[in-house]
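Engineer: Sequence plus the predicted model coming up.
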Amino acid sequence: MAELAIAEGDEYAPRHGVSLREAFRVWLRVAMLSFGGPAGQIAVMHRILVEEKRWISESRFLHALNYCMLLPGPEAQQLATYIGWLMHRTLGGIMAGVLFVLPASSPSWRSATSMPATATCRRLRRCFSGSRPRFSRSCWRRSSASASARSRTT
């Protein structure tokens, strides 16, 4: 479905007729609906791209999914990037990949950039107080205490 044809002037032009603007809107929709784990993200992609929009065939989607499962790393992210690349080459792959990660990474980025500002505001400092590594400190104390106890007994 997203095969390439040589147009006039030896330039590659997509045969599917999906504009980059429409693809942007659909990838943004996929990204906003994709939360949970990779199985849910892939299911959302399948429903929108294969069943609703019919931009890619079922067999091509499954072939791409199988390939992405063999690669190390996040398979849903790789699948989105590959399908974006398949439809609009490099720009489409970058667009789909960035849009797919953006909703999940933006809250982390916002909290990380606001952490220095919380040092002066008591209310905000209370909000972020749970994000300190207290659990790891208590585990470290316990493990070091048990290690010293074991060394004393041997």
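Structural biologist: Nice, I can see it.

Engineer: care to break the protein down by domain?
Structural biologist: When the chain is parsed into structural domains using automatic domain parsing, the resulting residue ranges are 4-114, 122-153.

Engineer: Number of residues surrounding the nearest residue to Gly40 once chain neighbours are set aside?
Structural biologist: The shortest distance from Gly40 to any residue that is not its chain neighbour, by Cβ to Cβ, 6 or more residues apart in numbering, is 7.0 Å, and that residue is Ser34. Any C-beta I mention is one placed from the backbone N, CA and C, and that applies to glycine too. Residue neighbour count, defined by other Cβ atoms under 10 Å, stands at 24 for Ser34.

Engineer: go on, Ile83?
Structural biologist: Residues contacting Ile83 under the criterion other Cβ under 10 Å number 27.

Engineer: just checking, it touches His63?
Structural biologist: No - with the criterion set as Cβ atoms under 8 Å, Ile83 and His63 do not qualify as a contacting pair; they are 11.2 Å apart.

Engineer: tell me which residues in the helix or strand encompassing Thr113 are buried?
Structural biologist: The secondary structure element spanning Thr113 is helix 75-114 (assigned by DSSP states H and E). The neighbour-count check on helix 75-114 (16 or more other Cβ atoms under 10 Å) flags 75-88, 92-93, 95-97, 99-101 as buried.

Engineer: I'd like the mean pLDDT over it, please.
Structural biologist: Averaged across helix 75-114, pLDDT comes to 89.

Engineer: Any idea which helix or strand in this protein has the lowest mean pLDDT?
Structural biologist: When each helix and strand of the chain is scored by mean pLDDT, DSSP states H and E, strand 4-6 comes last, with a mean of 38.

Engineer: in which helix or strand would I find the closest residue to Leu79 other than its chain neighbours?
Structural biologist: With Cβ to Cβ, 6+ apart as the criterion, Leu79 has its nearest non-adjacent residue at 4.7 Å, and that residue is Cys68. Counting by DSSP H and E, the element that carries Cys68 is helix 58-70.

Engineer: Next: Trp55.
Structural biologist: Assessed by DSSP H and E, Trp55 sits outside every helix and strand.
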